[in-house]
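In: Show me the folded form of this:
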Amino acid sequence: MDLSKLAAFADLHSVLPEDPEPIEEFLSRIRSEENKHGYYRTLKAFYRFLKKRYRLSNPIEVIEPPRRPKKIMATLELVELMQLLYSATTLRDKAILTLLVDTGMRSSELASLRKKDIGQETVTVKGKSGQRQIPISDETRRLLLTLIAQNDKDDFVFHGHRGPISRKGVYRVVRAHMEKAGISGPKLGGHRIRHAFGKGYLVSGGDLRSLQELMGHSDITTTQKYASLNLNDTIRKHHTFSPLRAARAAAQESFFDTNAALKEVEEILKQKKPGNGGVKREKILATKKSSYGETPLLPGLSVE
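Out: Model prediction:
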């Protein structure tokens, strides 16, 4: 729940509205559709809490949610992922980036990782839906073990300048290396790598159910958003069924039919005997049989 949005609503309504009209009027003043949807979600959560805790009426239940423009999740291509990994020069940063790319875990889960959480083939993280185990590659495990072998400060795996690294600290590390790798865009944090992991997992043949477990989604509908990023099958079908492809094929066929007609005319000209006085004209009308019937290819062509 965004308290700043709730405070903006409270500034206009000293008494909590019990009817939907004041809420609808408040939302109508917000121009940005994305921002309007954010206010709607905040008020919905607030009124739901009031109804559950104090049994108050919930007028927002009868309000249609604002339309939210569909946006494509920002991800990273394989080349960008490699550039990102190669940009790291310190052991800590290389371990952070490799772990994020290999697991798709949240930055907060990485920041809270402890030495005891590193297993033989998995790491144990504590996420929004509770604890879960995520498989890791051999390369990732070697980097983590090398890093903790150099650290005897405490039980945390990753550290900043003043102790265990924070979620914001992870963000700063990732952003700095994305900029160093020449990656642009509005989202330059660990969540973009998380999106890239989800997309890459499905593109490589992974299924939604196992991806849900890996990413710690409590609802599979959240995981299904990543399916829209896998365009491999759509691209293949487009290359096969695009009208442009059919149009070019038809144009090519027409070109070859015209060439055949011209050759036929040339043969007729060669077979014509000279010495007829040159006063008689023969009109040659070449035709082509097609699905549209007989179509003149060379109308009006006459020969002396």
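In: Any stretches of the stretch 1-150 of the chain with poor pLDDT?
Out: 1 (pLDDT under 70).
In: separation between H239 and L229?
Out: Relative to L229, H239 is positioned 19 Å away (Cβ to Cβ, to the nearest Å). (Each C-beta comes from the backbone N, C-alpha and C, glycine too.)
In: what does E213 give?
Out: Distance from E213 to L229, by Cβ to Cβ: 19 Å.
In: now A149
Out: 37 Å.
In: more neighbours, the two?
Out: Legend: neighbour count by other Cβ atoms under 10 Å for A149 and L229, higher for L229 (16 against 9).
In: hmm, who's touching stretch 229-241?
Out: Contacts with stretch 229-241, where a contact means Cβ atoms under 8 Å, 6 or more residues apart in numbering, come from I72, M73, T75, H195, G198, K199, L202, V203, R245.
In: which stretches of the chain form strands?
Out: 122-127, 130-135, 159-160, 163-164, 282-284, 287-290, 293-296, 301-303 (DSSP state E).
In: between the second one and strand 122-127, how many degrees?
Out: In this structure, strand 130-135 runs at an angle of 150 degrees to strand 122-127, with axes from the mean of the first three to the mean of the last three Cα atoms, to 10 degrees as the basis.
In: Strand 130-135 pairs with which strands?
Out: Strand 130-135 has the following strand partners under DSSP bridges: strand 122-127 (antiparallel).
In: Buried residues of the strand it pairs with, list them for me.
Out: Buried residues in strand 122-127, defined by neighbour count with 16 or more other Cβ atoms under 10 Å: V123, V125, G127.
In: residues in contact with the first one?
Out: Right, the one you point to is V123. L99, T103, M105, L113, D117, Q133, I134, I136, L144.
In: ok, the second one touching G198?
Out: Translated: T103. No: if you go by Cβ atoms under 8 Å, T103 and G198 don't touch, sitting 11.2 Å apart.
In: Compare those two and say which is more crowded by neighbours.
Out: Counted by other Cβ under 10 Å, T103 and G198 do not tie: G198 has more neighbours, with 27 against 23.
In: Spatially nearest residue to the more buried one, not counting backbone neighbours?
Out: Y226 (3.8 Å; Cβ to Cβ, 6 or more residues apart in numbering).
In: Isn't the one you found up against F197?
Out: No: Y226 is beyond contact range of F197, at 9.1 Å (criterion: Cβ under 8 Å).
In: neighbour-wise, which of those two wins?
Out: Set Y226 next to F197 and count neighbours by other Cβ under 10 Å: Y226 wins out with 26 against 23.
In: and S57, what does it touch?
Out: E18, K51.
In: pLDDT below threshold where in the stretch 151-300 of the chain?
Out: 253-262, 265, 268, 271-300.
In: Do I have it right that R194 meets L99?
Out: No: taking contacts as Cβ under 8 Å, R194 lies outside contact range of L99: 11.6 Å.
In: Show the contacting residues for the residue nearest to I193 when sequence neighbours are not counted.
Out: For I193, ignoring the flanking residues on the chain, the nearest one in space by Cβ to Cβ, 6+ apart is L100 at 4.5 Å. Neighbour list for L100: S107, L110, V174, G190, I193, R194, F197 [criterion: Cβ under 8 Å, 6+ apart].
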